[in-house]
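> quick one, fold the following:
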Amino acid sequence: MSRGPLLALLAYSCLSLALFGRDVLGDLRHVVEGFGQSPAYFGRDQSIFVWSLAHGARALTHGSDPFLTHDVFAPSGYNLAWATNLLGPALFATPATLLLGAITSYDLLALAAPATAAWTAFLLCRRLSGRSAAAFAGGLLFGFGTYESAEMVNHLNLALVALLPLAALLVLRRRDGEISRRIFIIALGLVLALQFWTSTEVFASMVMFGVFAFLLGALLAGRGPAPELARIAAETFGALMLALVLAAPYLYFAARYSNPVSSVSARDAGVDLANFVTPTGVTWLHPLTSAGAAMKLRGNVSEQVAYLGLPLLLLIAAFAVEFRRSLLARCLIVFMLLAALLSLGGVAYADGSSLGVSLPWALLGRLPLLRFATPGRFLVYAWLAAALASSYWLARDSRAALRWGAFVIVALSLVPNLTGVRWGTRVETPALLADRSVAARFIPPGATVLALPFGIAGESMYWQVEDGFRFRLAGGYLSISLPADYRPYIHLITALEGGHVSATARRELCGFIRFTGTRVILLADNAPGHWGELLDPLGVTARRVGGLYSYELASGANRRPAACVR
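From the prediction side, this is the model:
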């Protein structure tokens, strides 16, 4: 490899550390990359991935099942083939996880995500533009644009997108005859398989937009290149089959065992039209614009990935006009518009209000498996197309100063927010769990623990990791959907998250304790909620120890609180 790509990777890595690593580098073991936790639950998803990294390492070293776990949602457990997790990266990162801890592994992967995405985009842009400087600019847009900044909040699986440009680069190299058919199929199959084991959602959209790219090429190129396109498409299909073979264990568990998110449909979870020109909290321009405008946008900050901004939109328009006779330009513009259209979801929204306009995804999103996809995340492909278009436009020699001046304005409009948010969240380990010899006196090995606040509202997943999976959880947090066995307790779970305690919740608590086999309740000190109203009727005296309140519900296998004895 020449020096240019290595220097680019080094530069992107330093930039990632400077932009996103300032709050975590001082304490990688206890500060997790991403936004801090709040009542709106922004930043909670990191716990899923930290838990996933620890669980994957444990499965590999203990020879346990990496897909079906009973560590959470006792007694029924959870099928991780349908969970938001990082099983592939978890297996690769096992040495780091065992040596440095799961939070450190998470931070290292998170800080690598923008740098590697930018670098593979650089390689692809250099292939098309032929200029390293222009390619470096394209890599900046893809690796440090709004999509990546937003996903760095708490969606590590969606931030790890370096394989997308790499797949496109392999196709181009095969088109130009630089690699043989066998090497192409094996290499692309491995790339697709790695993406599958990193994020099944990104893999699915990658395949879908890959099909769209081939169809666009066939429609816009005419009859001449059709045989070559058909040949490469057939070989790409072979690579896809190889990837599915490598993903066979994942597919088996997804098909063979229950799907805990079967009731979920994200068909209408599209981006807000206004977000294309309205910066959000992940961008430094946000405080300079109307905060109220960003608050009206659909979705939370990690789903508001559409801000390209007026400068970039104008640059893309200039590219479209200047290269309007170019096949590459036509393909990129149509591909970008298609990604943007599908990202709007089934119904168009602007400023948080429905426009009442039904869109193509209203039909496509009903298809099997596609209904689980969140359409707003398709913007990653628009960002990749924008990076390629920008790089190609910058590579022209004419009016170079004007072009680069325009790009500087674009880059400045997309700089991540460095003052308005902290890109790190401290995870405090309760003293009770930090010392396992002390924890063993309050939590019997293998006992089921109800950790409060429950699920997404608390830190139970971190607690289980810190205690080395010595106890099982009644509940947990792995997706927005509860397993079927837990759904009848939805009113109680609202109270367990710290919400309103209804009469129904109080009645359901004993049944939930019996159903889950809970032996200990651990309540975080100073956690918001109506805990006395919910837990005092159990008639169990809480002991405050190590930053937690411990309620021992049973000292024997069959004992329950007096209030729960029938």
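> Ile521: which element?
strand 518-524 (DSSP states H and E).
> need the residues that contact that strand.
430, 432, 442-444, 447-453, 458-459, 463, 471, 474, 512, 531, 535, 540, 542, 547-554 (CB atoms under 8 Å, 6 or more residues apart in numbering). Backbone N, C-alpha and C define where each C-beta goes, glycine included.
> so after it, what's the next helix or strand?
Downstream of strand 518-524 (by DSSP H and E), the next one is helix 531-535.
> which neighbouring elements make contact with that following helix?
If you count contacts as 3 or more CB pairs under 8 Å, 6 or more residues apart in numbering; DSSP states H and E, helix 531-535 packs onto helix 503-516, strand 518-524.
> tell me the strands beside the last one, with direction?
Put plainly, it is strand 518-524. Each strand paired with strand 518-524, and its direction, by DSSP bridges: strand 448-452 (parallel), strand 548-552 (antiparallel).
> need the CA coordinates for it. CSV is fine.
Taking Å, rounded to 0.1, in the frame of the first residue of the first chain, the C-alpha atoms of strand 518-524 are listed here in CSV:
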residue,chain,number,x,y,z
THR,A,518,-36.9,-12.9,41.3
ARG,A,519,-35.0,-13.4,44.6
VAL,A,520,-33.4,-9.9,44.9
ILE,A,521,-34.5,-6.4,44.0
LEU,A,522,-31.7,-3.9,43.5
LEU,A,523,-32.8,-0.2,43.4
ALA,A,524,-30.3,2.5,42.4
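> so which of the strands paired with strand 518-524 is nearest Gly139?
strand 448-452 (42.0 Å; CB to CB).
> what about the closest one, average pLDDT?
If you average the pLDDT over strand 448-452, you get 95.
> please put the alpha-carbon coordinates of that strand into PDB.
What follows is strand 448-452, C-alpha atoms only, in PDB (Å, rounded to 0.1, in the frame of the first residue of the first chain):
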ATOM      1  CA  THR A 448     -32.600 -13.700  39.400                       C
ATOM      2  CA  VAL A 449     -32.400 -10.000  40.100                       C
ATOM      3  CA  LEU A 450     -34.900  -7.300  39.400                       C
ATOM      4  CA  ALA A 451     -32.800  -4.200  38.800                       C
ATOM      5  CA  LEU A 452     -34.500  -0.900  39.100                       C
END
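> just checking, what packs against the following helix or strand past that strand?
Heading C-terminal from strand 448-452, the first helix or strand you meet, by DSSP H and E, is helix 460-466. Applying 3+ CB pairs under 8 Å, 6+ apart, we find helix 460-466 packed against helix 46-62, helix 431-434, strand 448-452, strand 472-473.
> pLDDT below threshold where in the stretch 451-566 of the chain?
Scanning the stretch 451-566 of the chain for pLDDT under 70 picks out 554-563, 565-566.
> over to the chain?
Along the chain, the parts satisfying pLDDT under 70 run over 1, 36-43, 224, 262-266, 287-295, 369, 554-563, 565-566.
> enumerate the positions of stretch 313-328 that are buried.
Residues Leu315, Ile316, Ala318, Phe319, Ala320, Phe323 are the ones in stretch 313-328 that count as buried (16 or more other CB atoms under 10 Å).
> OK, contacts around the last one?
Translated: Phe323. Ala329, Tyr392, Trp393.
> try it again at 10 Å.
Ala329, Arg330, Leu332, Ile333, Ala389, Tyr392, Trp393, Arg396 (CB atoms under 10 Å, 6 or more residues apart in numbering).
> residues of whatever helix or strand the first one lives in that come out buried?
Per DSSP H and E: Ala329 is located in helix 327-343. Going by neighbour count (16+ other CB under 10 Å), the buried part of helix 327-343 is 329-336, 338-343.
> next: stretch 348-366.
The neighbour-count check on stretch 348-366 (16+ other CB under 10 Å) flags Ala348, Tyr349, Ala350, Asp351, Leu359, Trp361, Leu364, Gly365 as buried.
> re earlier: quick check: which of the helices and strands packed on helix 531-535 is nearest to Met152?
strand 518-524 (26.3 Å).
> now that closest one, how far from the chain's geometric center?
Its chain's C-alpha centre and that of strand 518-524 lie 30 Å apart, by CA atoms, centre = their mean, to the nearest Å.
> okay, the angle between that strand and helix 503-516?
Here the directions of strand 518-524 and helix 503-516 differ by 130 degrees (axes from the mean of the first three to the mean of the last three CA atoms, to 10 degrees).
> please renumber the chain so that the first residue is 409 from this point on.
Understood, numbering begins at 409; the last thing we discussed is strand 926-932.
> burial count for Ala642?
If you count neighbours by other CB atoms under 10 Å, Ala642 ends up with 10.
> strands along the stretch 759-908 of the chain, start to end?
761-766, 832-834, 856-860, 880-881 (DSSP state E, counting those that start in this stretch).
> listing partners with orientation, what would you give for the second one?
Strand 832-834 sits in its sheet next to strand 439-441 (antiparallel), going by DSSP bridges.
> do the same with the shortest one
Taking DSSP bridges as the criterion, strand 880-881 pairs within the sheet with strand 856-860 (parallel).
> starting at the chain centroid, how far to the strand it pairs with?
Distance of strand 856-860 from the chain centroid (CA atoms, centre = their mean) equals 26 Å.
> stretch 780-795 now?
With CA atoms, centre = their mean, you get 13 Å for stretch 780-795.
> how about it as CSV, C-alpha atoms only?
Extracted in CSV, the C-alpha atoms of stretch 780-795 (Å, rounded to 0.1, in the frame of the first residue of the first chain):
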residue,chain,number,x,y,z
PHE,A,780,-38.2,-4.2,10.6
ALA,A,781,-36.0,-1.7,8.9
THR,A,782,-35.9,2.0,10.0
PRO,A,783,-36.1,3.9,6.7
GLY,A,784,-34.5,7.1,8.1
ARG,A,785,-31.2,5.2,8.3
PHE,A,786,-31.2,4.7,4.5
LEU,A,787,-29.6,8.2,4.4
VAL,A,788,-26.2,6.6,4.8
TYR,A,789,-26.4,5.8,1.1
ALA,A,790,-27.2,9.3,0.2
TRP,A,791,-24.2,10.5,2.3
LEU,A,792,-22.0,8.0,0.4
ALA,A,793,-23.3,9.3,-2.9
ALA,A,794,-22.8,12.9,-1.7
ALA,A,795,-19.2,12.1,-0.8
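> from Leu961, how far out is the residue nearest to Leu720 when sequence neighbours are not counted?
Distance criterion CB to CB, 6 or more residues apart in numbering; nearest residue to Leu720, sequence neighbours excluded, is Val818 at 4.8 Å. To Leu961, Val818 is 59 Å away according to CB to CB, to the nearest Å.
> the more surrounded of the two?
The residue with more neighbours, out of Val818 and Leu961, is Val818; 24 against 19, by other CB under 10 Å.
> which residues touch that one?
Taking CB under 10 Å, 6+ apart, we find Val818 in contact with 545, 548-549, 553, 716-724, 794, 798.
> ok, and the most crowded of those residues?
Tallying neighbours with other CB under 10 Å puts Gly553 at the head of these, with 31 neighbours.
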